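Student: model the following, please.
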Amino acid sequence: MPTPPSISDAEWDVISVLWDAVPNALSANDVVEQLAKPKGWSPRTVKTLLNRLVNKGALKFEVDGKRYLYRPAVNREQCVRAESRSFLSRVFGGAVGPMLVHFVRNAELSDIELKELEDALAAAKKSSRGGGRRRS
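Tutor: Numbers count the residues shown, from 1 in each chain. A predicted model of the protein is given here:
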């Protein structure tokens, strides 16, 4: 599986609108309607971001009459994984443990989120006892 392209924060906002619409394609105007007012962006800004994502290979498009219809060319999970690795490397030197401890100590977690963490840690502990270490 190829490495997803690096996506800026503004581009992430744009591609998220398209991920949320899957399996449907959206026109540039559909994306503008969802982002321009809440973000304070001009339609031209949104269209520039769409073009950047196409050039990076993150989006694909098809022509439908006078309009372009956009779809993600990469899935959200691939991009989340790549962004997570990049963040982990930059901020925590690649060390997962200190990152988890930091977030647990500094985030307000719901009971459900705490239970999910407990379950994930228990599964990781069980997996490490089974002889192998899990990799994401």
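
Student: C-alpha only now, for contacts and for neighbours.
Tutor: Noted.

Student: phi first, then psi, for the spatially most central residue of the chain.
Tutor: Most central in the chain under C-alpha atoms, centre = their mean is residue 80, positioned 4.0 Å from the mean C-alpha point. Main-chain dihedrals, residue 80, degrees, to the nearest 10: phi -60, psi -40.

Student: local confidence estimate at it?
Tutor: pLDDT for residue 80: 92.

Student: let's have the chain start at 34 instead
Tutor: Sounds good: first residue 34 from here, last item residue 113.

Student: distance check, it against residue 89.
Tutor: Computed as C-alpha to C-alpha, to the nearest Å, the residue 113 to residue 89 distance reads 16 Å.

Student: using PDB, write out every CA atom in the longest helix seen in the chain.
Tutor: In terms of residue count, the longest helix belonging to the chain (DSSP state H) is helix 144-162. The C-alpha trace of helix 144-162 is given here as PDB (Å, rounded to 0.1, in the frame of the first residue of the first chain):
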ATOM      1  CA  ASP A 144     -15.800   6.700  31.100                       C
ATOM      2  CA  ILE A 145     -16.300   5.100  27.700                       C
ATOM      3  CA  GLU A 146     -12.900   6.300  26.400                       C
ATOM      4  CA  LEU A 147     -11.200   5.100  29.600                       C
ATOM      5  CA  LYS A 148     -12.800   1.700  29.200                       C
ATOM      6  CA  GLU A 149     -11.600   1.500  25.500                       C
ATOM      7  CA  LEU A 150      -8.100   2.400  26.700                       C
ATOM      8  CA  GLU A 151      -8.200  -0.300  29.400                       C
ATOM      9  CA  ASP A 152      -9.400  -2.800  26.900                       C
ATOM     10  CA  ALA A 153      -6.700  -1.900  24.400                       C
ATOM     11  CA  LEU A 154      -4.000  -2.000  27.100                       C
ATOM     12  CA  ALA A 155      -5.200  -5.400  28.300                       C
ATOM     13  CA  ALA A 156      -5.200  -6.700  24.700                       C
ATOM     14  CA  ALA A 157      -1.700  -5.400  24.200                       C
ATOM     15  CA  LYS A 158      -0.500  -6.900  27.400                       C
ATOM     16  CA  LYS A 159      -2.000 -10.300  26.500                       C
ATOM     17  CA  SER A 160      -0.500 -10.100  23.000                       C
ATOM     18  CA  SER A 161       3.000  -9.300  24.400                       C
ATOM     19  CA  ARG A 162       2.700 -12.300  26.700                       C
END
